[in-house]
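**Student:** I would like to see how this sequence folds:
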Amino acid sequence: MPYTPPPELASLSIAEIAELVEAQKLPPVDQWDPQETGDSEMRIATDGIWYHQGDPIRRPAMVRAFSSILRREADGSYALVTPYQKLSIIVEDAPFVAVELESKNSGPARTLAFRLNTDHLVVAGADHPLRFGADRPQPYLQVRNGLEAVLARPVYYQLAELALEEGADPVGIWSDGVFFPMEARP
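**Tutor:** Reported below is the predicted structural model:
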């Protein structure tokens with residue numbers, strides 16, 4: 001079956017974005033407890049590029065497939081999980097990169113929708129908070145079950161511009177009824 005990426009976020013209404021987010025079905029990796037374990041010989045670099053045995057994975061469909069079975073373990077490590085096998089994977093920073101941002105409305109009515117490098121869509125809010133790192137001023141978006149996306153630099157600049165235009169004190173941004181102060185928090 002051919003893959004059709006979601007349309008550009010700017011062309012969608014909030015209701016359409018919400019429908020697309022709801023339609024994203026992922027395997028229940030948090031419910032699987034496979035007995036067979038090993039090393040995937042894979043890593044996700046800080047720029048979001050996936051590698052296998054030192055070579056970049058060049059097929060976006062493969063990255064999308066692997067990203068759907070990625071899980072964060074209780075000890076903070078990462079694994080690719082199926083019902084039968086769990087393989088460790090190295091994640092240098094965050095497993096995803098937010099590469100596109102669309103803002104609808106303003107103030108408390110604002111909704112921020114992000115497209116990840118895997119074409120998954122995430123709306124920032126109570127279930128998907130924005131976090132600003134204490135060790136560097138890079139924002140992160142909670143994607144699912146302990147997995148985060150680092151915001152690409154242009155997306156971060158766009159977010160900062162929106163927050164400054166908003167004029168809140170402290171500087172921050174609203175999304176889906178939640179205010180996210182843009183100050184570093186551990």
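**Student:** next up, the contacts around the spatially most central residue of the chain.
**Tutor:** Nearest to the geometric centre of the chain sits Ala149, at 3.4 Å (C-alpha atoms, centre = their mean). Listed by C-beta atoms under 8 Å, 6 or more residues apart in numbering, the contact set of Ala149 reads 94-98, 114, 116, 122, 140-141, 143. Glycine gets a C-beta too; all of them are placed from N, C-alpha and C.
**Student:** so which of those belong to strands?
**Tutor:** 96-98, 114, 116, 122, 140-141, 143 (DSSP state E).
**Student:** what ranges does this structure have for its strands?
**Tutor:** Going by DSSP E, the chain shows strands at 36-44, 50-52, 55-56, 70-72, 78-81, 85-91, 96-104, 111-116, 121-123, 130-132, 139-144, 147-151, 172-175, 178-181.
**Student:** the fourth one pairs with which strands?
**Tutor:** Neighbouring strands of strand 70-72 in its sheet, by DSSP bridges, are strand 78-81 (antiparallel).
**Student:** which residues are contacting the partner strand?
**Tutor:** For strand 78-81, the external contacting residues (C-beta under 8 Å, 6+ apart) are 29, 32, 34, 40, 42, 44, 66, 69-73, 86-91, 95.
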